[in-house]
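Colleague: how would this look folded up:
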Amino acid sequence: MRFAIIGNNATAIDVLRELAGSTEHTLVRCALSGNLAASVSRAGVPVRLAATAEDALLAGDTDTVIVATDDLDESLRIVRAAAQADRHVVVIPPALCSPAYSFELHLILDESQCSIMPLLPRAAITELPCSAVDLGLDAHATRQLSIELPLLTADPAELRASVIRGLDCLSASGFRFTEVTALDSNASDGSLLSRLITLSAATMAEKPLPPATLTIRPTAVAENCSVLQILQNNATLRPVPIADAATVLDRIVTICQSRELCGKWMEAFSVTLELAEAVSKSIRRRRTVDVHFDSGSEKGVFKSQMTAMGCCVLTFMMLGMVVYLIVAQLVPLPDTVLHILRILWITPLVLFLIAQVLLPLARDRANRE
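Modeller: Got it, this is the predicted structure:
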């Protein structure tokens, strides 16, 4: 594949290095600025620069665009422009993105003919297959999950990035956690000593899940490799390494060839951001909070459609009554015709009420899996 990279997010330097050393893929154009341009200069990675982002993504010899822009609006603008130019898009999420950002990306994916893939931290899990979005762990065979991540600086953006990285790697288990508890331990001067995040399922959940914990501790020394610890019910501890610099090119090629896989990665991105929002709420409220996923389930779609149809039916009933009364007063029609008009007027309401019986048949697909 022939790549172009656009943006200022320094985390894209690992992809740049991988592209520079690849014999199968080519880095064609770059429109770099800010921290990313400085990192490329320090690392001495050879790049061919374009004057603007549009010059990079519209180059005729480019088929995949990597968007690594920290500005949310600018990132969405470039993604939309690349999708309209029929380019595959790989998005390195901005540090301060929210679930609304992933929702916008999903809309662009639905409208485009090419693939749009968010590059998630779980790509660094060495055991995650290129064609899979999670590890598919067995909830009945797993007792607990845990990750401990270092925090090198006190920058809030760095803390949020560590939170998202840890949450995404825990979500890569395949479990859908619905409750989040976050607790900060602070020193006397207010500095962070540690942040403990616990993910779990509701007590009354149909499918009990093993708890998962994420611990973030400030440190002055970076660890070579983080590890996802999986404690199984037979007391076996299974360590799953998480590389600091993931090799992602093969994964990008695989996912960009399948819109179904893109949709799964987009959904996983939304889940991670929903968990991150729940962590922020839990810190503010100092208690466990529920996670509300907007997953577009069959039941939710059914309710939305019924709401829209109900509004249309009510409008038709009111306007239809006015039209019927005016016609009946001004036009001498036979009684049979008037009866037929009344039947036609009431029929939509009857059909709408009958349709409500279908509600028990609309089941959330996630609950059946």
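Colleague: all helices of this structure, in order?
Modeller: 13-20, 34-43, 53-57, 72-84, 99-111, 156-171, 249-256, 259-285, 298-330, 335-355, 365-368 (DSSP state H).
Colleague: Kindly reformat those helices as TSV containing mean neighbour count, mean pLDDT and distance to V221.
Modeller: C-beta here means a position set from N, CA and C on the backbone, and glycine is covered the same way. Listed next are the helices of the chain as TSV, based on neighbours: other C-beta atoms under 10 Å; pLDDT from 0 to 100; distance: least, C-beta to C-beta, whole Å:
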stretch	mean neighbour count	mean pLDDT	distance to V221
helix 13-20	19	88	20
helix 34-43	16	88	21
helix 53-57	21	84	37
helix 72-84	19	91	32
helix 99-111	17	88	33
helix 156-171	20	91	15
helix 249-256	19	90	29
helix 259-285	19	91	25
helix 298-330	13	78	47
helix 335-355	12	85	63
helix 365-368	11	42	41
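Colleague: and the gap between the closest residue to G166 other than its chain neighbours and Q232?
Modeller: Distances taken as C-beta to C-beta, 6 or more residues apart in numbering place L214 nearest to G166, at 3.9 Å, with adjacent residues excluded. Counting by C-beta to C-beta, to the nearest Å, the gap from L214 to Q232 is 19 Å.
Colleague: more neighbours, those two?
Modeller: Each of L214 and Q232 has its neighbours counted (other C-beta atoms under 10 Å); L214 has more, 25 against 15.
Colleague: For the more buried one, give its distance to L149.
Modeller: Separation of L214 from L149 (C-beta to C-beta): 7 Å.
Colleague: Need the overlap of contacts for the two.
Modeller: G166 (C-beta atoms under 8 Å, 6 or more residues apart in numbering).
Colleague: Who does L27 form a beta bridge with?
Modeller: L27 has the following beta-bridge partners by DSSP bridges: F3.
Colleague: Next, count neighbours for it.
Modeller: L27 is flanked by 21 other residues according to other C-beta under 10 Å.
Colleague: Now do the contacts for it.
Modeller: By C-beta under 8 Å, 6+ apart, the neighbours of L27 are F3, A4, I5, L16, L19, A20, V47, R48.
Colleague: Quick check: the first one touching H25?
Modeller: Yes: counting by C-beta atoms under 8 Å, F3 does reach H25; the two are 6.3 Å apart.
Colleague: quick one: which two of the contacts of L27 are the most distant?
Modeller: A4 and A20 (14.0 Å; C-beta to C-beta).
Colleague: Would you mind putting the helices of the chain into CSV with distance to V291 alongside?
Modeller: Shown next, in CSV, are the helices of the chain (distance: least, C-beta to C-beta, whole Å):
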stretch, distance to V291
helix 13-20, 30
helix 34-43, 32
helix 53-57, 35
helix 72-84, 22
helix 99-111, 11
helix 156-171, 11
helix 249-256, 25
helix 259-285, 5
helix 298-330, 15
helix 335-355, 31
helix 365-368, 13
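Colleague: Between those helices, which one is closest to C225.
Modeller: Closest to C225 of those, according to C-beta to C-beta: helix 156-171, at 12.3 Å.
Colleague: tell me the angle of the closest one relative to helix 259-285?
Modeller: Counting by axes from the mean of the first three to the mean of the last three C-alpha atoms, to 10 degrees, helix 156-171 points 120 degrees away from the direction of helix 259-285.
Colleague: So which elements touch helix 156-171?
Modeller: strand 142-151, strand 192-200, strand 212-218, strand 225-232, helix 259-285 (3 or more C-beta pairs under 8 Å, 6 or more residues apart in numbering; DSSP states H and E).
Colleague: List the contacts of that helix.
Modeller: 93, 95-96, 120-122, 124-125, 134, 145, 147, 149-152, 177, 192, 195, 197, 199, 212, 214, 216, 226, 228, 242, 268, 271-273, 275-276, 279.
Colleague: Mark which of those are buried, thanks.
Modeller: 93, 95, 120-122, 124-125, 134, 145, 147, 149, 151, 177, 192, 195, 197, 199, 212, 214, 216, 226, 228, 242, 268, 271-273, 275-276, 279 (16 or more other C-beta atoms under 10 Å).
Colleague: Let me see the contact set for R122.
Modeller: L128, V133, D134, D168, C169, S171, A172, A268.
Colleague: Let me know the distance separating the nearest residue to the second one once chain neighbours are set aside from E104.
Modeller: Taking C-beta to C-beta, 6+ apart, and ignoring the residues beside it in sequence, V133 has K264 as its nearest neighbour in space, at 4.4 Å. Separation of K264 from E104 (C-beta to C-beta) stands at 18 Å.
Colleague: that older thread, overlap in contacts of F3 and H25?
Modeller: With C-beta under 8 Å, 6+ apart as the test, F3 and H25 both reach L19.
Colleague: Between those two, tell me which one has more neighbours.
Modeller: A direct count of neighbours by other C-beta under 10 Å for F3 and H25 places F3 higher, at 25 against 18.
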